Structures are given as structure tokens and as C-alpha cells.
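Chemist: The sequence isn't on hand, but the structure is:
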């Protein structure tokens, strides 16, 4: 597609798309200045709860004043407020903006975006302001208080011509966009809890090569604290291992692959990351029964020995023919899955995200670049990682430096990288016995 005309807002240094298929004036999508937005957002909005204006990325929005909803130290303010807003998820939203822009450049055309669980709207408004070549954006929330606040924020940021604000149940909204000419290029589902209940309608509302972004915050289920809840929601069994957060990514990805396959859709997991209390998955949806079959072929199980840290991948939909005894020590193997055993990030897409991050001035840029570098480096590694602290605790040894373990593994010819999942983790092709031996030698010679 030839280059699209754009509008540059000097105050924000952002690029906004024009809608070439309408009679809307060229400057109607320009973003209101930061100072003006600050006053416009709060002006004339009557609410039954305390609010405040916050700045994030290149936008200002009105949100509930969270301090007003904390009655005791154990209260989780975002869930107590009438409209959900979590400032801790700034990193999540930063990465979402970067990922959507990188994916738009991969598609090389204008994109239609949907955020079916928009709450106060900060994520979607950032898409509209900070991602170039967004043709349209549908933002929705079933909570009427959220809808009013969302509409106010959209209007105050001068986005009412670009953004369609809805007050529907999320699945109803997505279902109305399942027809071929109504589908989206990007759907971002960021719930409080599990995104699973929205997956059936979401995958049907995406175009071929569309991007779905999923957040799961129900880590107690995904990390194995509540295994029955995980089996109910995600269709796989978790394990409380040292790499449980990676298993959470794989369980979520596997659930998405299984649901998409029902509609002859395949998936490619192009990026994923762990946050403080959540995991996040970005996957491309690809049309065709053959692609669906390819996705299902990437389902399997992780077998783990809690005695000696041995783990292996069972690349099969069933475990009937697999030996459930540890090859290293003979102990019973515990099983996680079925889950996604394919890649959970693509190196090339990580590089595009790194390039996109360098073009932006974000408060958390350094942290984002560090994570992207780690994720890119580990993207070609095997499934699961070792946590050095856990091995040393088992062996009753002091803990050597993680990078020393990585270097020693590489010296012996194994693939080895640190992992973004934990600062004490090593992703390596070496078996558990070799990792344990290297740890012993480092401690003995240290």
C-alpha cells in the first residue's frame, strides 16, 4: 500500500492517521495538546466517586482516585473502584503500544482495532494517539460507569471521530463483528482474571493474520495453586515448578490454539512476557484447516521430576505411550498439560519491537529494552528454564552468579541464555544433571 497521509502533532510528537474513505476534515483526528487535555478531561464530568487526571505515554485521562478506595492495608484498590484502573499495568500498556505498532508495520496497511474490556480507556486511547495508521478503534465496557468515563476520555482527547465507544457485553460486541467485512486486525483483551471466556468470540472477529493480545492475571490457577480451576478454564494441568510462569504462558497459548482450531484457525505466538502478577501473550491468527492442524501439532506435555529437576517434552496429544518414570533418577514424573510446546516469542518480532521502543520516549524504556533483549535471546531456546537458587537449595550449596552458570554451559557446548522470567533463571539445552554438576564445580572453585 502506498504511504498514507498523516498528521503530526508537534506537542505530542505523535502521528495520527487519516480516514481516506470519509469526508472528515484532515485535521479532525489531531490530538489535543497535553495542557488542554488536562483541563478538558476533568471539566464538566460529574461522577459519584473521586477522580483524578493521570498522564501515561502521550495521553492524559480521568481515572478513579484509587487512594479513596483503600479502607484497610489488604484492600486492592483497582478492584474496589467503580471503574477499573491499575497504574501498575503501565509496563503492560507500553509494551502493547509497541507491539501493535510493530505488527501494523508488518501488515503494512491501516488497521482496525478493538478493546472489548476498555474500563477507563487508557489503553485504547494510547493506541489511538501513539500508534500510527489506526483506521478505526472500537472501545467497549459493559459497566455503565466505565462507559461514561471512557466516553469522556475519548472526547477530551479529541478522538470522537476515530473511536467508537460501546456499552455492550464483550462477547456480544465481538460476535457482531464476526462477519468478514466487520472483523478487526487487532483485538486486545485485558481482563481482571482470565481472558478465556472471550476467546471463542474474539478469534472469530479477527481477520486473516490478525493479532490477538491476551492478559491473564489469574496466576493462582495458572501457576498450580488451584490446579482444578486451571483445568476447567484452560483445559490443561499446571505444575508448581520453578518455571510455573512459563507454563502459564504455554497453558494460555494452548487454550487459544485449541479454541481457534475449532474454527479452522491456526496461531503463531509471536511474543509473550511475564509481568509482576500476570502473563501476556500476543498471537497471530491464520486462516485454514491446515494451519489449525499445524497448531494442534504443537500441543503436548511437560514432564517434570521434582527430585532431580529433570524435565522433558512429550510431543503428543496423548500420554498413553510415554514412560512416566524419570530417566535420570527413576522417580515418578509429574505432568503439565496439554499445553503449547511451540515457540512463545519470535526473534524477528522482538527486534522490530526493540526498534520501535528506540523511537519513543517512555518512562519505562530502559526496562522494556532490557526485557526485549532477554526475550529475543531466549526465543530460540528449549522449553522451560532452570532456577539456580532452587538447584542450590536442593544441593545445600551457596548460589553462584547466574552469568557464570551461563558461561560455563556455553563453554561445554550447550545453548544457554538468561531468561526474562526470573533474574536467577537459565534457559539451556543441557540436562538437569549437567546444570547441577556445573553449579557444584562453580561453588567448589569459587
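Modeler: Ah, there it is. Please read these numbers as outputs of a predicted model, since none were measured by experiment. Numbering: from 1, shown residues only.

Chemist: Would you mind listing the residues in contact with the spatially most central residue of the chain?
Modeler: Ranked by distance to the mean C-alpha position of the chain (Cα atoms, centre = their mean), the top residue is residue 280 at 2.3 Å. Residues counted as contacts of residue 280 (Cβ atoms under 8 Å, 6 or more residues apart in numbering) are 92, 95, 213-216, 272-274. Just so you know, the C-beta spots here come from the backbone N, C-alpha and C atoms, and that holds for glycine as well.

Chemist: Which members of those occur in strands, if any?
Modeler: Here DSSP state E is the test, and the contacts of residue 280 give 213-216, 272-274 as lying in strands.

Chemist: Columns distance to residue 360 and pLDDT on top of these, output as a markdown table?
Modeler: Listed next are these as a markdown table, based on distance: Cβ to Cβ, whole Å; pLDDT from 0 to 100:
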| residue | distance to residue 360 | pLDDT |
| --- | --- | --- |
| 213 | 18 | 98 |
| 214 | 23 | 98 |
| 215 | 21 | 98 |
| 216 | 26 | 98 |
| 272 | 21 | 98 |
| 273 | 17 | 98 |
| 274 | 22 | 98 |
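
Chemist: Just the local confidence number for the residue nearest to residue 420 when sequence neighbours are not counted, please.
Modeler: Closest residue to residue 420 apart from its sequence neighbours, by Cβ to Cβ, 6 or more residues apart in numbering: residue 374 at 4.0 Å. Here, the pLDDT recorded for residue 374 equals 98.

Chemist: What distance do you get for residue 374 to residue 345?
Modeler: Plainly put, residue 374 is 10 Å away from residue 345 if you go by Cβ to Cβ, to the nearest Å.

Chemist: And residue 239, by the same measure?
Modeler: Taking Cβ to Cβ, one finds residue 239 at 21 Å from residue 345.

Chemist: before we move on, what about residue 67?
Modeler: Counting by Cβ to Cβ, the gap from residue 67 to residue 345 is 37 Å.

Chemist: who has more neighbours, those two?
Modeler: residue 345 (22 against 9; other Cβ atoms under 10 Å).

Chemist: Make sure I have this right: the more buried one is in a strand.
Modeler: No - looking at residue 345 with DSSP: H, G, I helix; E, B strand; the rest coil, it is coil, so not inside a strand.

Chemist: one step back: could I get the ones in strands among the contacts of residue 280 in a markdown table, plus columns for neighbour count and distance to residue 418?
Modeler: A markdown table is the format used below for those (neighbours: other Cβ atoms under 10 Å; distance: Cβ to Cβ, whole Å):
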| residue | neighbour count | distance to residue 418 |
| --- | --- | --- |
| 213 | 23 | 25 |
| 214 | 26 | 25 |
| 215 | 22 | 24 |
| 216 | 25 | 24 |
| 272 | 24 | 16 |
| 273 | 24 | 14 |
| 274 | 19 | 14 |
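
Chemist: quick one, strands of the stretch 301-446 of the chain?
Modeler: Remark: strands assigned in the stretch 301-446 of the chain by DSSP state E, counting those that start in this stretch are 311-314, 334-340, 386-387, 416-419, 422-428.

Chemist: for the last one, which positions count as buried?
Modeler: Judged by neighbour count (16 or more other Cβ atoms under 10 Å), strand 422-428 contains these buried residues: 422, 424-428.

Chemist: Pick the one among those closest to residue 381.
Modeler: Using Cβ to Cβ, residue 427 comes nearest to residue 381 of the buried residues of strand 422-428, at 4.1 Å.

Chemist: For the closest one, give its distance to residue 417.
Modeler: For residue 427, the distance to residue 417 - Cβ to Cβ - is 5 Å.

Chemist: residues bridging contact with those two, i.e. touching both?
Modeler: 378, 381.

Chemist: related to what we said a few turns ago, name the nearest of the ones in strands among the contacts of residue 280 relative to residue 172.
Modeler: Looking across the ones in strands among the contacts of residue 280 and measuring by Cβ to Cβ, the closest to residue 172 is residue 214, at 19.2 Å.

Chemist: Give me the secondary structure label for the residue nearest to the centre of the chain.
Modeler: Residue 280 ends up strand, using three-state DSSP.

Chemist: do the same with residue 148
Modeler: helix.

Chemist: what's the answer for residue 165, then?
Modeler: Strictly by three-state DSSP, residue 165 counts as strand.

Chemist: Please identify the nearest residue in space to it, excluding sequence neighbours.
Modeler: residue 151 (4.8 Å).
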